[in-house]
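S.K.: return atomic coordinates for the entry below.
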Amino acid sequence: MILFISCEKKTDSLNNIFEKFELKKIKSISLQDLNLNAEFSYLFSLKFIDDLLIISDNNSDFHMKIADLKNKNTRNFVQIGRGPNEIGSQGYSYTTDIAENKLYITGENKCLVYSIAKLKRGNDDPIGLLNIKLNEESFMHKIYIGGNYVFGSLIQNRFGLYNFVNKKLIKKYEYDLGPLLNQCMFSKHPTRNQIAFLEIKNASLGVVSYDSIDFKLHEKKWWKSKSKEVGDGVDNIEIIPSKERRTAFISHAISEKYIYSLYSGKKINYLSPYDALQSNKIYVFDWEGNPIKRFELDKEVRSIAIDEKNNILYAGAIGEDGELSLVKFELE
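M.R.: Below you'll find the predicted structure:
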């Protein structure tokens with residue numbers, strides 16, 4: 001007796017959705033003239049601000065770098081330390097206020113405020129300091145979103161909105177898989193009270209709309225992690241990885257119109273885990289979470305930033321020799 005067994009090939013539901021959109025292939029342009037004075041170690045994330053690339057790329061003394069696209073140079077930025085103009089080494093985030101032309105670097109319990117106009121002139125001194133005395137045990141990751149508010153992901157709840165003046169915390173929404181398996185990246189809309197989030201281990205993208213007293217979530221999900229999270233949900237948490245474990249979103253960039261995502265969808269090869277943390281797929285969504293368009297880069301990158309006015313995508317790329325560098329792509 002002969003048995004014929006049909007094996008259904010597993011597909012990526014997010015990839016399937018974007019297949020109906022025209023695929024535009026674009027070639028990279030080297031920014032070697034910006035890299036001459038800089039040795040990049042990570043290129044974790046990028047943000048484009050008015051001829052400047054703010055780069056998360058720490059070394060022993062500094063958390064970040066600034067690539068000046070107009071003057072063609074790269075310099076270290078935000079010193080590591082406990083001083084008044086320094087940020088400790090336990091993590092930070094950065095956001096911008098387009099209306100006020102300011103950059104905010106949020107660390108453990110304070111936020112440094114910078115003038116973008118002064119940064120363009122090479123003056124890297126903060127113009128202000130916000131003291132954020134909150135319970136660091138509550139937030140896994142947070143961003144300053146303007147006014148007196150910090151937004152982030154919590155240990156016990158998916159999201160929290162914290163007023164660091166009256167010390168009031170609004171927390172909402174339960175985890176589907178647990179805090180480690182639902183880690184995400186945040187970016188505030190340039191002008192509206194909205195925050196985009198993209199999950200790293202699940203194909204989930206959403207928008208949080210907020211005001212001073214509440215926030216609400218609009219989310220779209222395509223697939224979830226196959227891994228499991230065990231422990232008490234507070235201190236002793238451990239991830240049991242699945243053989244089918246994949247990486248979803250690696251990096252993102254936002255504009256007033258769109259959310260640009262660098263999407264992986266690759267299974268994690270534990271012999272070479274960083275392969276899943278780079279991709280050449282750019283998936284674009286609107287602020288309702290609807291798919292809009294897609295691009296295919298001629299090389300894999302690990303972080304992106306967008307200059308939508310000039311239709312330029314900036315990226316941190318890994319060369320065949322393992323060297324990290326900045327490149328750009330002309331989208332139109």
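
S.K.: any figure for the gap between I127 and A117?
M.R.: I127 sits 10 Å away from A117, going by Cβ to Cβ, to the nearest Å. C-beta coordinates here come from the backbone N, C-alpha and C atoms, glycine included.

S.K.: nope, L134 is what I meant
M.R.: Counting by Cβ to Cβ, the gap from L134 to A117 is 30 Å.

S.K.: what residue ranges in the stretch 151-300 of the chain are flagged as low confidence?
M.R.: For the stretch 151-300 of the chain, the stretches with pLDDT under 70 are 230-242, 273.

S.K.: convert the C-alpha atoms of the longest strand seen in the chain to PDB, please.
M.R.: Under DSSP state E, the strand in the chain containing the largest number of residues is strand 291-307. Listed next in PDB are the C-alpha coordinates belonging to strand 291-307 (Å, rounded to 0.1, in the frame of the first residue of the first chain):
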ATOM      1  CA  PRO A 291      -0.700  48.000   4.700                       C
ATOM      2  CA  ILE A 292       0.200  50.700   2.100                       C
ATOM      3  CA  LYS A 293       3.300  49.700   0.100                       C
ATOM      4  CA  ARG A 294       6.500  47.700   0.200                       C
ATOM      5  CA  PHE A 295      10.100  48.000  -0.900                       C
ATOM      6  CA  GLU A 296      12.900  45.500  -1.400                       C
ATOM      7  CA  LEU A 297      16.400  46.800  -0.600                       C
ATOM      8  CA  ASP A 298      19.400  45.500  -2.500                       C
ATOM      9  CA  LYS A 299      21.100  44.600   0.800                       C
ATOM     10  CA  GLU A 300      20.100  43.600   4.300                       C
ATOM     11  CA  VAL A 301      20.100  46.300   7.000                       C
ATOM     12  CA  ARG A 302      19.500  46.300  10.700                       C
ATOM     13  CA  SER A 303      18.000  49.800  11.400                       C
ATOM     14  CA  ILE A 304      16.200  52.500   9.400                       C
ATOM     15  CA  ALA A 305      15.300  56.200   9.400                       C
ATOM     16  CA  ILE A 306      13.100  58.200   7.000                       C
ATOM     17  CA  ASP A 307      13.400  61.600   5.400                       C
END
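
S.K.: strand partners (parallel or antiparallel) of it?
M.R.: Here strand 291-307 is paired, per DSSP bridges, with strand 23-26 (parallel), strand 279-286 (antiparallel), strand 312-318 (antiparallel).

S.K.: with mean neighbour count and distance to K47 added, can I get these in JSON lines?
M.R.: Below are the strands paired with strand 291-307 laid out as JSON lines (neighbours: other Cβ atoms under 10 Å; distance: least, Cβ to Cβ, whole Å):
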{"stretch": "strand 23-26", "mean neighbour count": "12", "distance to K47": "21"}
{"stretch": "strand 279-286", "mean neighbour count": "21", "distance to K47": "16"}
{"stretch": "strand 312-318", "mean neighbour count": "23", "distance to K47": "9"}
